[in-house]
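K.L.:
Just need the structure, nothing else, for what follows:
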Amino acid sequence: MRFEHLLQVTDPGNPVVPAMSRDELWRGLLLRVESPQEFPLGPDRCESQPGRDADERRRSIHFGALRFDDTVRLEPQRRIDFDPDPHEGAMPVRLSITIEEPSPGALFLRFVYSADDDPAAAADRALQGYREQAWLELDRDMLRALRAWQQEGRL
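P.N.:
Purely as a prediction, here's the structure:
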């Protein structure tokens, strides 16, 4: 399974789209790593600790009584990879968020959701469209939160 989409963050040719620097965008993405509970529909809490090196984090994410663990790998100013640990009853879905800048000042975020195909999960394919729509809306909400926090001076 693979789902990919692109969100435009800035458009230097359109004054209606607020400007955001790559540094501000990166700081906002780091908030998604360290404090996902601050985002719309985020978890109740997140515990994070350093991983094996400076560009890796281990997290425990809590949604009520449910707990999910993952490893997050950072390529500073460029990319974040979320790699969930296997969890009973849930298909682990990896997420990569990449900052793209096809021309100076034109920032985009590329989101790639992926999971190993499981023949036993064929029935889940019927739900895939709903998952993809939910992920798209979640990512749009994240970008809206980043824009609001930028306006407040948090980034």
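K.L.:
Give me the contact list for stretch 90-100.
P.N.:
Contacts to stretch 90-100, defined as Cβ atoms under 8 Å, 6 or more residues apart in numbering, come from residues 1, 6, 22, 25-26, 29, 32, 68, 77-86, 107-115, 118, 121, 124. For glycine as for every other residue, the C-beta is placed from the backbone atoms N, C-alpha and C.
K.L.:
ok, and for it, which residues are buried?
P.N.:
Buried residues in stretch 90-100, defined by neighbour count with 16 or more other Cβ atoms under 10 Å: 93, 95-97, 99.
K.L.:
want to throw those residues into CSV with pLDDT and secondary structure?
P.N.:
Shown next, in CSV, are the buried residues of stretch 90-100 (pLDDT from 0 to 100; DSSP: H, G, I helix; E, B strand; the rest coil):
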residue, pLDDT, secondary structure
V93, 92, coil
L95, 98, strand
S96, 98, strand
I97, 98, strand
I99, 98, strand
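K.L.:
pull the longest helix from the chain.
P.N.:
In the chain, taking DSSP state H as the definition, the longest helix is helix 128-151.
K.L.:
Give me the average confidence score over that helix.
P.N.:
The average of the pLDDT scores along helix 128-151 is 93.
K.L.:
same question, stretch 110-123
P.N.:
Stretch 110-123 comes out at a mean pLDDT of 76.
K.L.:
what residues are up against L146?
P.N.:
The contact partners of L146, taken as Cβ under 8 Å, 6+ apart, are 20, 24-25, 28, 31, 155.
K.L.:
Taking those residues together, which two end up most distant?
P.N.:
M20 and L31 (13.7 Å; Cβ to Cβ).
K.L.:
For the residue sitting nearest the centre point of the chain, give its distance to N14.
P.N.:
Nearest to the mean C-alpha position of the chain, by Cα atoms, centre = their mean, lies I97 at 5.7 Å. Using Cβ to Cβ, to the nearest Å, I97 is found at 23 Å from N14.
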